[in-house]
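**Student:** coordinates only, sequence not included:
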């Protein structure tokens, strides 16, 4: 039979063998975690955010981008609308200038006939032509008032020079119809006036 002393010896040897077994190692403190798990960049990853914060980010970021793009489109559209408006104003002025030039050509011809014949009929036709030109000149002045600071200096200067030229029309009429100037020089003066208004 195994005595109490032999049993203690066996237990002591078993415990000693367990202490010397390399397969069994005591737990070590300060064990390293996988690289980068606790780094600041690791915490910034979207997958590591809390669910409410993640939902807010997924909604707010695309919304902010959409608002920015919409603002850019609105700004571009407003700029385009301003350009189109100025083009329309210049086109409307151009139409009135064309009508003025055509009526000036008619006045030139009727004035030449009056200077040549001095007949009442020719005088009446000349007077009617002058009234038509006066109405066309008023339309040009009205449209020219829309050409303001939004246009380039070249455009504004050209419009102002044209208006100054139109204001000299009474002097042209005095020279060509009320004086003894022959028809051909009068026609040439009208032609120069018309060219100055249309350029």
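**Tutor:** Thanks, I have it. Given the structure is predicted, the values throughout are model-derived calculations rather than measurements.

**Student:** now the helices: where do they sit in this protein?
**Tutor:** Taking DSSP state H as the test, the helices found in the chain are 4-20, 40-44, 51-117, 120-144, 153-166, 169-177, 183-198.

**Student:** quick one: the fifth one to helix 169-177, angle?
**Tutor:** Angle between the axes of helix 153-166 and helix 169-177 is 50 degrees (criterion: axes from the mean of the first three to the mean of the last three Cα atoms, to 10 degrees).

**Student:** packing partners for helix 153-166?
**Tutor:** If contacts are counted by 3 or more Cβ pairs under 8 Å, 6 or more residues apart in numbering; DSSP states H and E, helix 153-166 sits against helix 51-117, helix 120-144, helix 183-198. Any C-beta I mention is one placed from the backbone N, CA and C, and that applies to glycine too.

**Student:** could those helices go into CSV alongside distance to residue 175?
**Tutor:** Output for these, formatted as CSV (distance: least, Cβ to Cβ, whole Å):
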stretch, distance to residue 175
helix 51-117, 10
helix 120-144, 14
helix 183-198, 7
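
**Student:** need those helices in TSV (columns: mean pLDDT, mean neighbour count and distance to residue 176).
**Tutor:** Shown next, in TSV, are those (pLDDT from 0 to 100; neighbours: other Cβ atoms under 10 Å; distance: least, Cβ to Cβ, whole Å):
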stretch	mean pLDDT	mean neighbour count	distance to residue 176
helix 51-117	74	14	5
helix 120-144	96	16	10
helix 183-198	90	15	4
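
**Student:** which of those helices sits closest to residue 173?
**Tutor:** Nearest to residue 173, of all the helices and strands packed on helix 153-166, is helix 120-144, at 6.7 Å by Cβ to Cβ.

**Student:** which residues does that closest one contact?
**Tutor:** Around helix 120-144, the neighbours that count as contacts under Cβ atoms under 8 Å, 6 or more residues apart in numbering are 89, 92-93, 96-97, 99-100, 103-104, 106-107, 109-111, 113-114, 116, 159, 162-163, 166, 169, 173, 177.

**Student:** quick check, residue 97 in contact with residue 198.
**Tutor:** Yes - with contact defined as Cβ atoms under 8 Å, residue 97 and residue 198 form a contacting pair (6.6 Å).

**Student:** about what we covered before: of the helices and strands packed on helix 153-166, which is nearest residue 151?
**Tutor:** Evaluated over those, closeness to residue 151 peaks at helix 51-117, with 6.3 Å, by Cβ to Cβ.

**Student:** and residue 25, what pLDDT?
**Tutor:** pLDDT recorded at residue 25 is 49.

**Student:** also residue 181?
**Tutor:** At residue 181, the model reports a pLDDT of 84.

**Student:** burial count for it?
**Tutor:** As a burial measure, residue 181 scores 14 neighbours (other Cβ atoms under 10 Å).

**Student:** against residue 135, how distant is it?
**Tutor:** In this view, residue 181 and residue 135 are 26 Å apart by Cβ to Cβ, to the nearest Å.

**Student:** same question for residue 178.
**Tutor:** Counting by Cβ to Cβ - residue 178 and residue 135 are separated by 21 Å.

**Student:** do residue 114 as well
**Tutor:** 20 Å.
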